[in-house]
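S.K.: got a predicted structure here, sequence first:
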Amino acid sequence: MMPFEIPGHLEVKNGHLHVGGVDTVRLAAEYGTPLYVTNEGRLRENYRRFAAAFPGVQIFFAAKSNNNIVVQKILAQEGAGADAFSDGEIYLARLAGIPAEKILFTGNSKTDAELRYAVDAGTMVSVDSHDELIALSKIASAAGREVRIGFRVNPDVDAKAHPKLATGLKKSKFGIPREQIVSIYKEARDLPGVKPVGIHCHIGSQILETGPFAEAMGKMMDLVEQICGFIDLEWVDLGGGYGIPYQKGAKTPTPQEWADAILPVFDERCRKLGIRPELHLEPGRYIVADTTVLLMQVNTVKRSGSNFVATDAGFNTLIRPAMYDSYHEAVVANKADAAPADTYTVVGPVCESGDILATDRKLPAVRKGDIVALLDAGAYGFCMSSQYVGRPRCAEVLVHDGQAELIRKRETYDDLLQNQIVPGRLL
Ligand code: LLP
């Protein structure tokens, strides 16, 4: 038995890896590879498990983690709001059926056009700088609107995350320093077009301990204490960052453990202050990562410096290992119950040495034509893929009730040309 089976989600039957009851080897044959396969049941379960640990808390799904409209529609049905980092993410979230008042626009470098778009759409805005506050006030008051805002705080908390995934350190580009918070809320209170009603932070991603969240919650409540005398605070947003066990067997906190670290701090401080704002959270990875496997076909197996398995997906399809040295479990989907036979490094078809998906893994004997599945590919997977080296982006499939549905077509050569214009003189 594969050591990381999850009943009803990832299982091995007849030697093949199944996702949501569907044979991944059959999916690879039917839809081609590379292929992202997402299990709707697991997506709903993840959302419900997380939400159940945080009663009364509004969840704003971090839309950047998975931009498939179908995934967002399913989460909208479950009651999620959205953390949208750009106008494009606002557009998609609304199309997915998330009401504007449950969307928080959280970009750190918003254009005036994006702000106008958010004002017209009626979303809330997390304001990341003084310049942005002034621009938003002008844009909203010119449109005769009043936008509900919060400020993104730089809480100066070490999330103990990968350096590229830490966003709440003092030197981070995000948010407003704590010592400027009181004065900026006072200024915002008196400006037209904006109504400060919330306060926001996000300390990082793939965080594996509860301590940084408790610390951030405490620091946010220190600020709440300083502003609640003159701001009618409706919400406190602690952001996302809840890590998952990419390496199976690794221990990560459960939603209940995250909740046990965060909620008592929030509740106790609110009680002392005699206020009752809503708590908002913005999980991305926790909700979508383990819903999805990436299927790739083996093109070559070669013994040279390492024992290389070269597949048809590389960092053009899943950039996480190249960008953050991330670990994703690799399973030979058509030999999923075979014993490990050798140590392999799984690489992609990109012209760079950094194009490595999995290093030194013990796998069954791998042959050309085998299907390798990389697990936990649903967060920051397809949405960070590219057409580098002239490879059209791959397809996405949703499994539901033992059936598969195509939810994103594989790109074609035409898509490589999309929006390119050849001047007449060069025709
Ligand atoms: N809220 C805000 C404002 C964010 O910027 C993010 C993620 C989240 C929430 C969701 O964080 P999560 O719960 O997913 O950890 N591409 C990287 C992750 C970058 C995260 C960026 N911000 C990766 O593949 O690991």
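M.R.: Right, received. Where do you want to start?
S.K.: CA atoms for contacts and neighbours, from now on please.
M.R.: Noted.
S.K.: point out where the protein drops to low pLDDT.
M.R.: Low-confidence segments of the chain (pLDDT under 70): 1.
S.K.: so for it, the centremost residue is which one?
M.R.: The chain has S65 as the residue nearest its centroid, 2.2 Å off, counting by Cα atoms, centre = their mean.
S.K.: correct me if wrong: it contacts C383.
M.R.: Yes: using Cα atoms under 8 Å, S65 is in contact with C383, at 7.2 Å.
S.K.: follow-up on the earlier one: what's the residue nearest to the centre of the chain in contact with, if anything?
M.R.: Contact analysis of S65 by Cα atoms under 8 Å, 6 or more residues apart in numbering lists G284, R285, V288, G378, A379, Y380, G381, C383.
S.K.: do me a favour and get the end-to-end distance for stretch 237-248?
M.R.: Its first and final residues considered, stretch 237-248 spans 30 Å by Cα to Cα, to the nearest Å.
S.K.: list the buried ones in it?
M.R.: Buried residues in stretch 237-248, defined by neighbour count with 16 or more other Cα atoms under 10 Å: D237, L238, G239, G240, G241, Y242, G243, I244, P245, Y246.
S.K.: then stretch 107-115?
M.R.: Quick answer for stretch 107-115 (16+ other Cα under 10 Å): G107, N108, S109, K110, E114, L115.
S.K.: the ligand: which of those residues is nearest?
M.R.: Nearest to the ligand out of those is G107 (Cα to the nearest ligand atom; 7.5 Å).
S.K.: what about that closest one, which SS state?
M.R.: coil (DSSP: H, G, I helix; E, B strand; the rest coil).
S.K.: do I have it right that it meets D83?
M.R.: No: assessed by Cα under 8 Å, G107 is found out of contact with D83, at 9.3 Å.
S.K.: helices and strands around the helix or strand hosting A113, which ones?
M.R.: Element membership for A113 (DSSP states H and E) is helix 112-121. Judged by 3 or more Cα pairs under 8 Å, 6 or more residues apart in numbering; DSSP states H and E, helix 112-121 is in contact with helix 87-95, helix 130-142.
S.K.: before we move on, the earlier item: so of the buried residues of stretch 237-248, which ones are in helices?
M.R.: Members of these lying in helices (criterion: DSSP state H): none.
S.K.: so which of these reach the ligand?
M.R.: Checking the buried residues of stretch 237-248 against the ligand by Cα under 6 Å from any ligand atom, the ones in range are G239, G240, G241, Y242.
S.K.: now for those: which two are most distant?
M.R.: Of all pairs drawn from these, the widest gap by Cα to Cα lies between G239 and Y242 and measures 9.4 Å.
S.K.: mutual contacts of the two, please.
M.R.: P283.
S.K.: just to revisit the earlier point, out of the buried residues of stretch 237-248, which comes closest to F230?
M.R.: Closest approach to F230 among those (Cα to Cα): D237, at 18.7 Å.
S.K.: show me what from the stretch 1-150 of the chain comes close to the ligand.
M.R.: Contacts of the stretch 1-150 of the chain with the ligand, taken as Cα under 6 Å from any ligand atom, map to A62, S65, T106.
S.K.: repeat the analysis, applying 5 Å as the threshold.
M.R.: Residues of the stretch 1-150 of the chain lying close to the ligand by Cα under 5 Å from any ligand atom are A62.
S.K.: for the single nearest residue of the stretch 1-150 of the chain relative to the ligand, name its beta-bridge partners.
M.R.: Going by Cα to the nearest ligand atom, the ligand is nearest to A62 of the stretch 1-150 of the chain, at 4.9 Å. For A62, the beta-bridge assignment (DSSP bridges) gives partners D83.
S.K.: for G193, what are phi and psi?
M.R.: phi 90, psi -10 (degrees, to the nearest 10).
S.K.: my bad, should have said V265
M.R.: In terms of degrees, to the nearest 10, the main-chain angles of V265 are phi -60, psi -50.
S.K.: alpha carbons only: can I get the longest strand anywhere in the chain in CSV?
M.R.: Looking across the chain with DSSP state E, the single longest strand is strand 292-303. The C-alpha coordinates for strand 292-303 follow below in CSV (Å, rounded to 0.1, in the frame of the first residue of the first chain):
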residue,chain,number,x,y,z
THR,A,292,-5.0,18.1,-7.0
VAL,A,293,-2.4,15.8,-8.5
LEU,A,294,-0.2,16.7,-11.5
LEU,A,295,0.1,13.8,-14.0
MET,A,296,3.2,13.7,-16.2
GLN,A,297,4.4,11.1,-18.7
VAL,A,298,8.0,9.8,-18.7
ASN,A,299,9.8,10.6,-21.9
THR,A,300,13.2,9.2,-21.0
VAL,A,301,15.0,7.4,-18.1
LYS,A,302,18.7,8.1,-18.1
ARG,A,303,21.6,7.2,-15.8
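S.K.: report the buried residues of it.
M.R.: For strand 292-303, by 16+ other Cα under 10 Å, it's T292, V293, L294, L295, M296, Q297, V298, N299, V301.
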